[in-house]
Structures are given as C-alpha cells and as structure tokens.
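1. no letters, just coordinates:
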Ligand SMILES: Nc1ncnc2c1ncn2[C@@H]1O[C@H](COP(=O)(O)O)[C@@H](OP(=O)(O)O)[C@H]1O
Ligand SMILES: [Mg+2]
Ligand SMILES: [Mg+2]
Ligand SMILES: [Mg+2]
C-alpha cells in the first residue's frame, strides 16, 4: 500500500495535468467538440480528456483502486465519422500531457472507462476514487469557472480531495472571468482529513521555483448582514428564488455571488464567501458524489460545516449518488446553525 504522501503527490500531479489539457482546449473549442448527453447536459472533448489523464495516473500508480468517474467513453466508441473526429481530438489532447508512450485509440477508450471496466474492484475494496473531470461544464463552455475534482474515499469517508480551478482569480468574487484570469495559473486546493486545507497555484510561472502551499481557513465573519452567499449560475441546479427568501430572512444585504462548479466550496474554504446554498429544484434529483466529495472535505478541513438541507452530513458511503441527502448547506461553523434554521423555515422542513 502506498504512503499517504505518495497518494497525495500522484493525485496532485494527475489534477495538474488534467487542468493543462482543459486549458489547452479552451481557446480552440469548436463546434462538434461538445456533445449533449442523454440527460441533456453537455460534455466536451476536455471532459473526456481530463478523465483519461487522471484515470491513467491512478491506474498506473494504484492499479488495485476502483474509480467512480462522471464520464464514459460510450459516445466515442461508435464506428462513425463524428465519433472518430471527437475521439481523435481527445487522443491528441490526452497524449499532449501524459508521459510517453502515447496511448492508442483503444487504450484511450479503456482508460476513460477504467472505472467501469474494473467496477468489480469497488465492491471488494474499502477505498475508491471519485472524479469529476470538469465540474461546471457549462461554466467551462462560457469561459467562466470550472474545476477538476478528484477525491479518495475510504470506508465511505472522503479522506483526500484535490481540486484544480484553472480560471479562478486570487480573492475576487467577480462572477465572470477576464482574459487575464485565463492567462494566470489559477488555483489548486488540497484537503486531507485531519491535516487541513491548502491552496497553491496550479502551476508555477517559473519551473525552477518550488510551489508553496498556503493553509486556508473559512471566514471568521459572524455578522450575517455582511455575509456573502454563493450559489450556482444555473437556476436549474439550485433554486435562486428560495435562496433569495433565505437571504432575506437572515438579513443578508449583498447580492448572491453566482459561480459555476465546486469553485464555490473553494471560495468558502478560503474565506471569500460565507455561505454556499444548493437548494433542490426538483424532488427527484439526487446529487452525485463527484459533485461534492472534494469540495465538502475542503470546507470541513478549512473549519467549515457541510450538511444537507436536513442538517445531515453528506453520506459518501452509498455508491455514486448522495441518495441519503438532499441539497447542500455549507458555511463556517459559527453561521451554520442560523443558516440551517432559515433554510428549514423557508422550505417548511419540520
Ligand atoms: N437539477 C440539478 N440539481 C443539482 N445539480 C445538478 C442538476 N442537474 C445537473 N446538476 C449538476 O450540477 C453540476 C454543476 O454544478 P454547478 O451548478 O454548481 O456548477 C453538474 O456537474 P457537471 O458540470 O460536472 O456536469 C451536474 O452534475
Ligand atoms: Mg456533466
Ligand atoms: Mg459535476
Ligand atoms: Mg463534470
């Protein structure tokens, strides 16, 4: 079994290289490089490539570990010109960042599907990874925020989280990304259970200078009137109207800070926002583990609390879905009881 420091090192390297693949595609994404999945959500060549990159690192270093990743290679496998073009683009992007030897087409497809192809392992193993190769694909397509999110789960608990946020500026709650932000290195966040949460640039502007990690903490603000609430840009992912009513009840003055992806958890963890609300828009939607595993550990290790709208901790022990939870409320430990009370009053939860 590898040491935790080796696991941490590989996870960081995998996320850094996946961020590199995402960045390289962003400025050149053209029609035909995005697909609409059966649930009507988008997926791009960068999502596939980032999943291939991270899975390749994990499969090479930890061949016995199971992986639950968001994407599947199903749409790249058909013997059609569209699938071939897409697959070739993913292959080019992936091989540009992975160490040699280059993957073949078949190896690429099997690497993307590594988690599913080796699913038997997850039943036997106490530990598995979960990966969202691009969380916030809609943000990525708009040129706004997105995050490459990798987490290690052992016995149903998230033990390690690494989040790459290539477009995230330093300490600004601006919702749109400037051309300058896209040129900056962005931020990478690391959380280890019991060992704290840290921030560093995704890459060093100067390869000869070692990258420094800085510990991060949630905000110490206890004045709700001054609190900043963050929520999804997409109203379909979190109810903006319920959040507005909750904000009024709490006396919050500022407009919500809307941002795509788990960058919201990162902004909370580094004290830039005070509250993250993810309020159900449909009774039948169940959150996926890869949308929350990394971000929730980051906030907890930065001193915050993450629960669902019932006040229950997120339960990562039941497969790919957070089927025992509904919505998310995250904030500093001081603010959480008041926020939870306001959420429950507004949503008529007994
Ligand atoms: N009805 C819904 N409610 C909550 N989350 C949803 C949703 N439909 C899709 N999502 C998830 O919302 C994620 C993006 O979150 P956010 O709005 O915070 O950026 C998507 O991740 P991907 O972008 O990885 O597909 C997707 O999994
Ligand atoms: Mg998606
Ligand atoms: Mg996601
Ligand atoms: Mg995704």
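-> Perfect, I can see it now. All values reported here derive from a predicted model rather than from experimental measurement. Ligands and ions are numbered 1, 2, ... in the order given.

2. how about the stretch 151-300 of the chain: which residue is closest to ligand 3?
-> Among the residues of the stretch 151-300 of the chain, residue 291 lies nearest to ligand 3; the distance is 4.2 Å by C-beta to the ion. The C-beta positions use only the backbone N, C-alpha and C, and glycine is treated the same way.

3. ok, residue 148 to residue 91 distance?
-> Residue 148 sits at a distance of 19 Å from residue 91 (criterion: C-beta to C-beta, to the nearest Å).

4. neighbour-wise, which of these two wins?
-> Between residue 148 and residue 91, residue 148 has the larger neighbour count (other C-beta atoms under 10 Å), namely 34 against 22.

5. which residue packs closest to the more buried one, ignoring adjacent ones?
-> Leaving aside its chain neighbours, residue 148 sits nearest to residue 164 (4.1 Å; criterion: C-beta to C-beta, 6 or more residues apart in numbering).

6. quick one, phi psi at that neighbour?
-> Backbone torsions of residue 164, given as degrees, to the nearest 10, read phi -100, psi 130.

7. distance of it from residue 330?
-> Applying C-beta to C-beta, the value for residue 164 to residue 330 is 20 Å.

8. and what of residue 310?
-> Between residue 310 and residue 330 the distance is 14 Å, computed by C-beta to C-beta.

9. more neighbours, those two?
-> Between residue 310 and residue 330, counted using other C-beta under 10 Å, the more crowded position is residue 330 (30 against 16).

10. which of the helices or strands spans the more buried one?
-> Element membership for residue 330, per DSSP states H and E: strand 328-332.

11. buried ones in the lengthiest helix in the chain, by neighbour count?
-> For the chain, the helix with the greatest residue count under DSSP state H is helix 4-26. Along helix 4-26, these residues count as buried under the neighbour rule (16 or more other C-beta atoms under 10 Å): 7-8, 10-23, 25-26.

12. quick one: buried residues of the following helix or strand past that helix?
-> Where DSSP H and E defines the elements, the next helix or strand beyond helix 4-26 is strand 34-36. Neighbour counts using 16+ other C-beta under 10 Å place 34-35 of strand 34-36 among the buried residues.

13. strand 34-36 close to ligand 1?
-> No - taking C-beta under 6 Å from any ligand atom as the criterion, strand 34-36 and ligand 1 are apart, separated by no less than 11.7 Å.

14. chain center to that strand: distance?
-> Mean-position distance between strand 34-36 and its chain equals 20 Å (C-alpha atoms, centre = their mean, to the nearest Å).

15. partner strands of it, parallel or antiparallel?
-> For strand 34-36, the paired strands and their directions (DSSP bridges) are strand 42-44 (antiparallel).

16. quick one: average confidence on the strand it pairs with?
-> For strand 42-44, the mean per-residue pLDDT is 89.

17. could you list the paired strands of the strand holding residue 330 along with their orientation?
-> Each strand that pairs with strand 328-332, with its direction, by DSSP bridges: strand 275-278 (antiparallel), strand 304-307 (antiparallel).

18. the last one near ligand 1 anywhere?
-> When you say that, I think you mean strand 304-307. No - applying C-beta under 6 Å from any ligand atom, one finds strand 304-307 separated from ligand 1 by no less than 13.9 Å.

19. buried set for that strand?
-> Those would be 304-307, for strand 304-307 by 16+ other C-beta under 10 Å.
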